[in-house]
Every structure is written in C-alpha cells, then in structure tokens.
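Peer 1: Return atomic coordinates for the entry below.
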Amino acid sequence: MTPAERAIPLKHPDCFYIDGQWVRSTTGDRFAVLDCSTEAVAAHVAKANAADAERAIAAARRAFDSGPWPQMQPHERAVYLKDIAQRLEALNDDFAHGWTIESGILNKLARPRIGQFLGGAFRQYADMAQTYAFVQPQRSASGHEAFSVKEPVGVVLAIVPWNGPAALTAYKVAPALLAGCTVVIKPSPEAPTSAYLFAQICEEVGLPPGVVNVVTADRDVSEAMVRHPGVDKITFTGSTVAGRNIGAAAAERVARVTLELGGKSPALVLDDYDIDTAARTIGASYFGYLTGQVCHSLTRIIVPRARHDAMVEALSETARSMVIGDPFDDGTTMGPLATARQRETVERYVARGVEDGATLAAGGQRPQHLKRGFFFEPTVFGNVDNRSTIAREEIFGPVLSVIAADNDDHAIALANDSIFGLNAVVFTGDTQRALAVARRLRAGSVGHNASRTDFSIGFGGFGQSGIGREGGVEGLEAFLESKTVVLDTPAG
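Peer 2: Model prediction:
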C-alpha cells in the first residue's frame, strides 16, 4: 500500500465534536497519529486543553440537565441506537483500517470484528429498550403503591484505550445512551480516529446537541476531566495503575466508576488434554490477535510438571511459525506493537525474565528483517516462577510464560495467586471437570478449551482487574441509578 492509501481519512481532524458541532481547538495544537507498521504519520487530530475539555463537559451537562435526551422513553432512544448501528456497519472498513494503522491488528481480523462488536453492541442495547424493566410496580411495606425506577446516572466520561478503541467505545456509549445519559468520549492520543468516525455518525443520525461529545487529550487534561464536578460517572478501560488513580480521584467526590483494568490470565492445561492442540490454540490466537496487546490474553500457561518441557517446545514451535509483517498483508499472521513505548516496555520485561532465571525458549528481540515499525518477535519463556516479575505484571505484548504445577489443586492455587482476575481457560476433555475447576478460579470469565470472553453476557474482572462489568444487562445497569417512589395511594 502507498502512504496515501495507508492514511486515515477524517472529515474534521482539526476539530472536536462538541454540542453537536465541529469546533476548532482553542490553541490549534495537534497530536500526530503514527502508522505502527511504518512509523509514518497517518493523521493529525486536534489536541484538547483544559478550556476545550470544559466546553465538552458543559455541553454534556446542559444536554442532560435541560435537553430532551434523558426525558425520552427508552424505546425512543433505541431508534437512534439502531440508526447508529446501521451507519457503523456501513463504515466497517474505515473503522477496521484505522484500527490496523493505530494498533497493529491484522486487517483480515479487524474487518469481521468491527462488524460484530460495533453494530452488535448498539443493536443489543436497542433491543433492551423492550426487555429491560426501567419501571417496576412494587407494594411498599406500608401497603402503599410504589415503583422501583431506573434512571440515568448523568454525564458520563468515557475514557477509551488504544488497543481496541472502536469496540470499547461501543460497549461504553451504547448502554449509556439507552440509559439516557450524555457522554464525553476521551479517546487515546495514539488511537483517536474511531472516535472521530463515531462522532461523524452521531452528527448524521441527528443526536440532540451535547448528547455525545469527543475530545482527544493528554494525561493532565484527562485527570482534570475525571475530577470535574460536572461528570457524574467515569467509565475507563486501561492499565491497573491508571485505574487506581482514577478510582482514587473519583472517590474524593463519590463519583460513580466502572474500571476495566489489567490482567495476567492463566490457561490451565490439565493432564488429559493434548499439548500440541492446546499450544496451537493458545499461541496462534495470542500472538496473532493484536500481538498480545489484550487485557484478557492468556499469558500464564500452567501445565503438569511432567508436561512442562513439551508445552514449552510446542509453544515455541507456534512462535517460530508466525509470519511477522505488514498487518494489511493477508499472508501475515502477526503484526506490530502499537507504539515505540510499548515495544520498549516489552523489551524491558524480556530482559527481566532472563535476569530472574526463566528460560528464554523462543523470540525475545526485534525481528532482524523489519527495520521500520514497532515489531517484536513472539516470545516464550519456560521454567517461570509464578512469583517472578514476568508472571506477576502485565506485559501487554507477545510474551508467554510456562509454569509447572504438581496437580490440579496446585494449578488452581497458582492461577489464583495474582492481584488480577480477568480471564482464565481450562483445557480438558472432561466438561464436568472443566466446570468444577472453573468455579474455583477467581476470574470474571472462564472458557473451556479456548478463551471465550463474551461482552453480550458481561465482561470484567475480580481483584485489581477492575470494578463493574461491561456488556450485557450489567453493562446497562452501570449507567443507571435506582429510585424508589412511594405514593400516598393504597396498593391495589
């Protein structure tokens, strides 16, 4: 592809979307969006300062306090959600193109996932307008007529990360809009283009002014937005370190939060399951999908001690078979990391793994044949101590650690010995055994013989993997407050 073909086309890159209009920044400052495969600039977008952020929050505040959106019935708001879904699906390839450029996902994987997650999220929540009980008749303890009412939480600040920006925007914004909230979307400076495309759609469908606003900002402005008294709820996806800071800031003023944070997810390969099959399932999907830059990735591979070496070799063979290169090439099976900073982080962790005594069995460096782009080899460590740094901390890159267990109980204890609890998988041919082990794992999602996270049901984690759930009914309820109304009327 030529540089022109790789460029990300945006209608209003020098503006923010605020109060239903495209408005220029107060300073004219911009972020450069890099193509992570070539390191070339693919787009520029406006950079918000405190005044720009204030305008966006004020617009959302007006739209919630005096606009029509919160007063509409859920089925009326659902009409907009269905229109948004239709337009998202029409722009499927544009969203996928931007995701590949910014984050490094293989374009052949991005295209079907965009359609599944974006349109699917808005359609799912549009359907909930008919199935979710926003108002439920009750009988009070005093015998009076009463109602349990679910109402919008208010102005929502949606902070979206760079690894899966479009889908994560959808699963934050769709339920917030159905609930009747107004939203300020704060995308990552590294991956802002999906938010711009989404704002174009909001303009096209005629959302009332201020219902959705988009500003791209750096960390200092983002922190001010989190602390802003006009924001009622923060929904954040990102690192646990950043999540702790956001949670602490929100707690100072008792703002509502949903935090979807990091993970160090275990795959437990039990003694009855084929090692080669497990290795192909774990390795190919982990290395090939976003180069390991996924919070729920299976990064700790826990196997019976007698099978440790066989698993290390099988995973190493998978790693060596990966074709690293341009994510737009259908022959590529693994793309780059998203940023130079992320690659440097992975390199530091690999060096620490070697220093701590783990066996580097495959990968561990930049590929020699790729001189441009943020590429890194798929990497496998064996003989990893579950208490070591590479087994404890989220690396967010293509690095797998194989850990030996004495038996099932030991494997479960190793899996649970983590500050995180986002995802897990149990590999076994026995369904009942899988269910029994799954119930003992401290994780928000547990799959059988594959990672099976499902936003349509609900996604989130235990421990320091976050607070709350996204997707499903719980994802809607995260944007609702409960109100009890008791009338001076005897119950019928």
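Peer 1: Quick check: which element contains residue 397?
Peer 2: Applying DSSP states H and E as the criterion places residue 397 outside every helix and strand.
Peer 1: close enough to count as contact, residue 303 and residue 274?
Peer 2: No: between residue 303 and residue 274 there is no contact, the gap being 11.9 Å when judged by CB atoms under 8 Å. No exception for glycine: its C-beta is placed from N, CA and C like everyone else's.
Peer 1: State the distance from the residue nearest in space to the middle of the chain to residue 445.
Peer 2: Nearest residue to the geometric centre of the chain (CA atoms, centre = their mean): residue 168, 4.9 Å. When CB to CB, to the nearest Å is the yardstick, residue 168 and residue 445 sit 16 Å from each other.
Peer 1: now residue 203
Peer 2: Counting by CB to CB, the separation of residue 203 from residue 445 is 35 Å.
Peer 1: quick one, which of these two is more surrounded?
Peer 2: Comparing residue 203 with residue 445 by other CB atoms under 10 Å, the one with more neighbours is residue 445, at 24 against 16.
Peer 1: Contacts only, for the more buried one.
Peer 2: Residue 445 sits next to 296, 422-424, 452-454, 459 when contact means CB atoms under 8 Å, 6 or more residues apart in numbering.
Peer 1: on that earlier part again, ok, residue 303 and residue 274, which is more surrounded?
Peer 2: When residue 303 and residue 274 are compared on other CB under 10 Å, the one with more neighbours turns out to be residue 303, at 26 against 13.
Peer 1: quick check, that one in a strand?
Peer 2: Yes: note on residue 303: a strand contains this position according to DSSP: H, G, I helix; E, B strand; the rest coil.
Peer 1: tell me which element residue 87 is part of?
Peer 2: helix 74-90.
Peer 1: need the contact list for residue 438.
Peer 2: Listed by CB under 8 Å, 6+ apart, the contact set of residue 438 reads 424, 426, 446, 448.
Peer 1: What segments of the stretch 201-350 of the chain are helices?
Peer 2: Using DSSP state H, counting those that start in this stretch, the helices of the stretch 201-350 of the chain run over residues 219-227, 240-252, 275-288, 308-321, 340-355.
Peer 1: Is the closest residue to residue 308 other than its chain neighbours bridged to anything, and to what?
Peer 2: Closest residue in space to residue 308, ignoring its immediate chain neighbours: residue 404 at 4.3 Å, by CB to CB, 6 or more residues apart in numbering. The residues listed as beta-bridge partners of residue 404 by DSSP bridges are residue 303.
Peer 1: any idea how far residue 492 is from residue 404?
Peer 2: Counting by CB to CB, the gap between residue 404 and residue 492 amounts to 66 Å.
Peer 1: What of residue 115?
Peer 2: When residue 115 is compared with residue 492 (using CB to CB), they lie 48 Å apart.
Peer 1: Those two: who's more crowded?
Peer 2: Here residue 115 and residue 492 are compared on neighbour count by other CB under 10 Å; more neighbours surround residue 115, at 16 against 6.
Peer 1: Tell me which residues of stretch 155-170 come out buried.
Peer 2: 155-170 (16 or more other CB atoms under 10 Å).
Peer 1: repeat for stretch 315-333
Peer 2: Buried-residue list, stretch 315-333, by 16+ other CB under 10 Å: 315-319, 322, 324-328, 332-333.
Peer 1: Please produce a markdown table containing these, extended by pLDDT.
Peer 2: Conversion of the buried residues of stretch 315-333 to a markdown table gives the following (pLDDT from 0 to 100):
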| residue | pLDDT |
| --- | --- |
| 315 | 98 |
| 316 | 98 |
| 317 | 98 |
| 318 | 97 |
| 319 | 98 |
| 322 | 97 |
| 324 | 98 |
| 325 | 98 |
| 326 | 97 |
| 327 | 98 |
| 328 | 97 |
| 332 | 98 |
| 333 | 98 |
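Peer 1: any chance of the residues you listed in TSV, with distance to residue 24 too?
Peer 2: Listed next are the buried residues of stretch 315-333 as TSV, based on distance: CB to CB, whole Å:
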residue	distance to residue 24
315	51
316	52
317	54
318	49
319	47
322	44
324	40
325	39
326	35
327	33
328	32
332	38
333	42
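Peer 1: which of the residues you listed lies closest to residue 49?
Peer 2: Using CB to CB, residue 327 is the member of those that lies nearest residue 49, at 33.2 Å.
Peer 1: residues touching residue 182, list them.
Peer 2: Residue 182 makes contacts with 60-61, 63-64, 67, 69-70, 154-156, 210-213, as judged by CB under 8 Å, 6+ apart.
Peer 1: re earlier: among the contacts of residue 445, which ones are buried?
Peer 2: 296, 422-424, 453, 459.
Peer 1: Narrow the contacts of residue 182 to those in helices?
Peer 2: 60-61, 63-64 (DSSP state H).
Peer 1: Put together CSV for those residues, with pLDDT on each row.
Peer 2: Shown next, in CSV, are these (pLDDT from 0 to 100):
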residue, pLDDT
60, 98
61, 98
63, 98
64, 98
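Peer 1: Pull the most distant pair out of the residues you listed.
Peer 2: Put simply, by CB to CB the two of these set farthest apart are 61 and 63, 7.3 Å from each other.
Peer 1: Tell me which of these two has more neighbours.
Peer 2: More neighbours surround residue 63 than the other of residue 61 and residue 63, with 25 against 21 (other CB under 10 Å).
Peer 1: What residues does that one make contact with?
Peer 2: Going by CB under 8 Å, 6+ apart, residue 63 touches 19, 69, 182, 208-211.
Peer 1: ok, and the closest non-adjacent residue to it?
Peer 2: Taking CB to CB, 6+ apart, and ignoring the residues beside it in sequence, residue 63 has residue 210 as its nearest neighbour in space, at 2.9 Å.
Peer 1: what do you get for residue 252?
Peer 2: residue 227 (7.5 Å).
Peer 1: same deal with residue 483?
Peer 2: On the basis of CB to CB, 6+ apart, the spatially nearest residue to residue 483 that is not a chain neighbour turns out to be residue 149, at 4.4 Å.
Peer 1: For burial, what's the neighbour tally of that neighbour?
Peer 2: With other CB under 10 Å as criterion, residue 149 counts 16.
Peer 1: close enough to count as contact, it and residue 135?
Peer 2: Yes: checked against CB under 8 Å, the pair residue 149 and residue 135 is within contact range at 5.3 Å.
Peer 1: and residue 36, backbone torsions?
Peer 2: Per-residue torsions, residue 36: phi -70, psi -10 (degrees, to the nearest 10).
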